[in-house]
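Asks: Pasting the sequence and the predicted model now:
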Amino acid sequence: MAMLEVRNLQVGFDTPEGEVQAVRGIDFDLEAGDALAIVGESGSGKTQSMLALMGLLAENGHASGEARFRGRDLMKLSPGELNQYRGAKIAMIFQDPMTSLNPYLNIEKQMIEVVMHHQGLDRREARAHAIEMLRAVRIPDPEQRIRQYPHEYSGGMRQRVMVAMGLLCEPDILIADEPTTALDVTVQAQINQLMAELRRSSNTAIVLITHDLGVVAGLCDRVLVVYAGRVVEYGTVEQIYYQPRHPYTRGLLASVPRLDAVRGAGLNAIPGNPPNLLDLPAGCSFRQRCAEAFEACGEEPALRDLGDGHLSRCHLEPEQ
Amino acid sequence: MTGHAGILRHAIQRLLGVIPTLLVLVTIAFFLIRVAPGGPFDAEKALPAEIQANLNVKYHLDEPLVQQYLRYLGQILTFDFGPSFQYKDWTVNELIGEGFPVSLTVGGLAMLLAFVVGTVIGVTAALRQNTAVDYGSMGFAMLGISIPNFVIAPLLILLFAVFLGWLPAGGWDWSLNRMVLPVITLALPVIAYVARLTRGSMIEVLHSNFIRTARAKGLPERAVILQHALKPALLPVISFMGPATAGLITGSVIVERIYAIPGLGSYFVQGALNRDYTLVMGVVIFYGLLIILLNFTVDMLYAWLNPKIRYDEKR
C-alpha cells in the first residue's frame, strides 16, 4: 500500500451556468520520498485536485473519490480531523508568495503557530525551531528577520518562508502549487534546488504542480499529465520526455521554447483552447485540438498501460 | 525602517496640522453665523434702542467685524469661549462642561455597545453566509439603519417603561438604569451599520489567499478567524468608528430631548436658533476638535493594526 493513494478523485463547482467539472477522475500513488509532477494547462484541474485533498476547495466546490493517506481516507475526515493532517503530515505551498502570507502578522507569529498547534511546543521552542528552518532555507540573519512582516521580504524570500513554514512539522508530503511561477528565473532555480535538497535530506515526498516542463525535469522523477480534468499520460520523466505517447504531451513538449531553435522559427503552440468544462464534448476531450484524431476518438479512450508503468489515454495506442 | 520613530513623527506632524484646520473652522463658523439674518437679542417684541445699544457694547457687537474676530481669536487661545448670549450667567465653557460629561457617557457607552455587538453579529453573519442566520441578522440590520431614532425611542419607552415597567422613561441622575434606554436607542443604528460593514469585509478577507494558507496549516477554524481574519476585517470598521464616535459623544438632540437628558445635544440647535454667537462657536470648535482628535486616533490605530502603514515615508 502506497503512502498516498488517490482513486477516482473528482471535483466539481456549482456555478450559475451549471456544474463545472474541474477534475473528472484522477488516480495516482505516492510513496515516501517520491517526486511527482502534475503537468497541464491552466484550468486542467491540477490545482483543484490538490486543493480537494487538502479540504481547501472554494465554497461552491465539492469533491468525491478517495485519497487514502496511510490508510485513512482524507476525503471522509471531518474538518477537525483533517486539521491533524494539514500542516503536520501534508503541507502545501502556493503559487503567489506575495499574497499567501498574512500581511498583518509578522513571520514569527505565522511560523510558530504551526508548531505550537501541531507539536505542542512552547513559544520559545517554537521560535527556536522556526529560526532554524529559516536558516535552512537560507534567510539571512533569521533571528532579526523573523520579527519582520511579509512586506519587508522580497518575493523569493517570501516563497522561501512559505517553504520553511511548510516543512516546520517535517511533513510526509509537500504539495507545491506552481511555487516559482511568480518569481524571477534565478530565484526559481533557488527554490527548486531548495525543494530538491529537502527531499533528499528528509525523504519528504513532493507533488509539484506546474505547467513548466523545464522545472519538472530537474526536480521530479514521475510525471502526471492532466488535460480537462483527466490523466492523459503518466510515466517516468524519461518516458514522458523521450517517448511521449499522447498527442497532448507531445504538443506540450514541442511548445517548450528551446535555445537551439532556428532563429525566427517562432513558438510552437497547441492550436485551439481546452474544452469548456461546463459542457464537455463526447469522446476524447483533446479530439478538437488533435492533429491525429480519427473516427475512434468519438469514444472516450481508456487509460492504457504501455508497459513499464507508462500510461496513455489515446486510441492510437494498441490494445494490450 | 523602524516603525515606532516613524509613527511618532507622523503623530507630531498630524498634531501640528490641527492648528490651521481649526483656524479655518473658526473663521468660517465665525462669519457664517454672523451672516445669518437676525441677532442674539432679537425678540418678537423689539427692545428699546438704548438697551440694545448697551447690550451690543457689553458683548462688543458694536465693534467692526474684523476687530470682533481678532478679539475672539485672542480669547479662544486661552480656551475661553466667552459668556453665552442666551443662557444668562453661564459661560460657554460652563455649558459644555455641564453637558459634555453626560453626552460623553451616554454616547461612549452606546459606541462601545455598538462596536462589540455589531462586530459579533457581522462576523457571525459572515461565517454563516447565505444561511437563515445571515439573512436574519442582515434584515434586522437593514431595519436598524432605516428606522429613525425618534421612532425607536418612543417604542422602547412604550415597551420597557410603560408596559413592562422595568426602566424609567426618562430623566437623568447618573444611575445606570436611566442610561439603558438612551444608550440602546443611540446604539441600534450603529450596531446595524457596523454589522453590515463587518460582514462585508470579513467575507472579503475570508476569500484571501493568506486565509487559505492559514487553513492549509491545519489551524482550528477559531484561530483562523480570530488570529488571521479579524484584524484586517476590522480595519474599515475602525475608520467608520472615528467620526461616528464624535457624533455620538457630542449628544443627539432628538434622543436627549426624548429622554430628558441634560447633554450637549440641544446646545447645537438652541445656539443656532437663538443666534447665540459664542455658544455656536463654542460647540462648533469643540466638535471640530473632537473630530480631529478621533480621526487622529483612528490613524494611530490603523498604523498599529496594519504593519504596512509605517508613516516613515511621505504618504
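Replies: Cool, got the structure.
Asks: Can you pull out the low-pLDDT segments for the chain?
Replies: Picking chain A for this. Within chain A, the segments meeting pLDDT under 70 span A:261-262, A:264-265, A:319-320.
Asks: hmm, I had chain B in mind actually
Replies: Checking chain B against pLDDT under 70 turns up B:1-5, B:44, B:310-315.
Asks: Tell me how far the residue of the stretch 151-300 of chain B at minimum distance from chain A lies from residue A:113.
Replies: Per C-beta to the nearest C-beta, residue B:218 is where the stretch 151-300 of chain B lies closest to chain A, at 3.4 Å. (Each C-beta comes from the backbone N, C-alpha and C, glycine too.) Computed as C-beta to C-beta, to the nearest Å, the residue B:218 to residue A:113 distance reads 10 Å.
Asks: Those two: which has the busier surroundings?
Replies: residue B:218 (25 against 22; other C-beta atoms under 10 Å in any protein chain shown).
Asks: The residue of the stretch 151-300 of chain B closest to chain A contacts residue A:87, doesn't it?
Replies: Yes: using C-beta atoms under 8 Å, residue B:218 makes contact with residue A:87 at a distance of 3.4 Å.
Asks: Quick check: neighbours shared by those two?
Replies: A:114, A:117, A:118 (C-beta atoms under 8 Å, 6 or more residues apart in numbering or on different chains).
Asks: What parts of the stretch 51-200 of chain B come near chain A?
Replies: Listed as neighbours of chain A in the stretch 51-200 of chain B under the rule C-beta under 8 Å from any C-beta of the partner chain: residue B:129.
Asks: Of the shared contacts of residue B:218 and residue A:87, which is the most crowded?
Replies: Of the shared contacts of residue B:218 and residue A:87, with other C-beta under 10 Å as the count, residue A:114 tops at 27 neighbours.
Asks: Could you check which helix or strand contains it?
Replies: For residue A:114, the element it lies in under DSSP states H and E is helix A:107-119.
Asks: Quick one: residues in contact with the very next helix or strand once past that helix.
Replies: Using DSSP H and E, the next helix or strand after helix A:107-119 towards the C-terminus is helix A:123-136. Contacts to helix A:123-136, defined as C-beta under 8 Å, 6+ apart, come from residues A:107-108, A:111-112, A:115-116, A:121, A:142-143, A:145-146, A:161, A:164-165, A:167-168, A:198.
Asks: in chain B, which helix has the most residues?
Replies: Longest helix in chain B, counting residues (DSSP state H): helix B:92-127.
Asks: ok, and for whichever strand or helix holds residue B:12, which residues are buried?
Replies: Assigned by DSSP H and E, residue B:12 belongs to helix B:3-35. For helix B:3-35, the neighbour count (16 or more other C-beta atoms under 10 Å in any protein chain shown) marks B:6, B:7, B:10, B:25, B:26, B:29, B:30, B:33 as buried.
Asks: Next: stretch A:182-195.
Replies: In stretch A:182-195, counting by 16+ other C-beta under 10 Å, buried: A:182, A:183, A:187, A:188, A:190, A:191, A:192, A:194, A:195.
Asks: What residues does chain A have near chain B?
Replies: A:54-56, A:59, A:79-80, A:82-88, A:91-92, A:94, A:96, A:99-106, A:109, A:113-114, A:117-118, A:149, A:151, A:162, A:165.
Asks: what about 7 Å?
Replies: Taking C-beta under 7 Å from any C-beta of the partner chain as the contact definition, chain A meets chain B at A:54, A:56, A:79, A:83-88, A:92, A:94, A:96, A:99-104, A:113-114, A:117-118, A:149, A:151.
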